[in-house]
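Participant: Attaching a predicted model along with its sequence, questions to come.
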Amino acid sequence: MAITEYLLRSKLIRQAPVIAALRPDRIDAPCLFDGPINGEVFLAYVQTFLVRTLKPGDVVVMDNLGSHRGKVVRRAIRQVKAKLIFLPKYSPYRERRPDPTFL
């Protein structure tokens with residue numbers, strides 16, 4: 001058993017959700033959360049971090065999680081003239097398991 005797997009199973013360390021915007025040349029608007037990400041938390045991330053980094057013509061791609069599809073979230077992204085695209089309901093990218101190297 002790898003050390004990271006052992007630590008996660010033994011609860012010596014815990015996972016912390018991270019959201020970030022991926023650009024071709026960098027990562028933008030990274031944010032680390034202490035606890036689960038729900039609709040309210042995601043909206044706060046979009047309004048506080050993401051929209052500040054968006055420029056007209058930028059493309060935001062998200063999966064179909066309910067908190068991503070909220071009207072206020074969509075409005076905030078579109079107000080800065082960014083284009084919003086949702087992945088199809090089934091996407092092999094959404095279904096992928098994370099690489100254990102990064103756990």
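Facilitator: Perfect, thanks for sending it.
Participant: Spit out the contact partners of the residue most central in space within the chain.
Facilitator: The residue lying closest to the centre of the chain (Cα atoms, centre = their mean) is I19, at 3.8 Å. Applying Cβ atoms under 8 Å, 6 or more residues apart in numbering, we find I19 in contact with A29, P30, C31, F33, I37, F42, Y45. To be clear about C-beta, it is placed using only N, CA and C from the backbone, and glycine gets the same treatment.
Participant: how about 7 Å then?
Facilitator: C31, I37, Y45 (Cβ atoms under 7 Å, 6 or more residues apart in numbering).
Participant: which residues does it form a beta bridge with?
Facilitator: Beta-bridge pairing for I19 (DSSP bridges): C31.
Participant: Let's test this: name the helix or strand in this structure with the lowest mean pLDDT.
Facilitator: helix 92-95 (a mean of 59; mean pLDDT, DSSP states H and E).
Participant: which residues does V72 contact?
Facilitator: Per Cβ under 7 Å, 6+ apart, neighbours of V72: L43.
Participant: what about the residue nearest to the centre of the chain, distance to T48?
Facilitator: As judged by Cβ to Cβ, to the nearest Å, I19 and T48 stand 11 Å apart.
Participant: Does V51 touch R78 like I think?
Facilitator: No. In this structure, V51 is not within contact of R78 by Cβ atoms under 7 Å, at 10.0 Å.
Participant: Looking at the two, which has the bigger crowd around it?
Facilitator: With neighbours defined as other Cβ atoms under 10 Å, V51 and R78 compare such that V51 has more, 18 against 14.
Participant: which residues of this structure fall in helices?
Facilitator: For the chain, applying DSSP state H gives helices covering 3-10, 39-45, 51-53, 71-79, 92-95.
Participant: what is the rounded mean pLDDT of the fourth one?
Facilitator: To tie it back to what came earlier, the one meant is helix 71-79. Averaged across helix 71-79, the pLDDT comes to 95.
Participant: With the shortest one instead?
Facilitator: Helix 51-53 shows a mean pLDDT of 96 in the predicted model.
Participant: Can you give the contact residues for that helix?
Facilitator: Residues from elsewhere that reach helix 51-53 (Cβ under 7 Å, 6+ apart): A21, D28, A29, A76, I77, V80.
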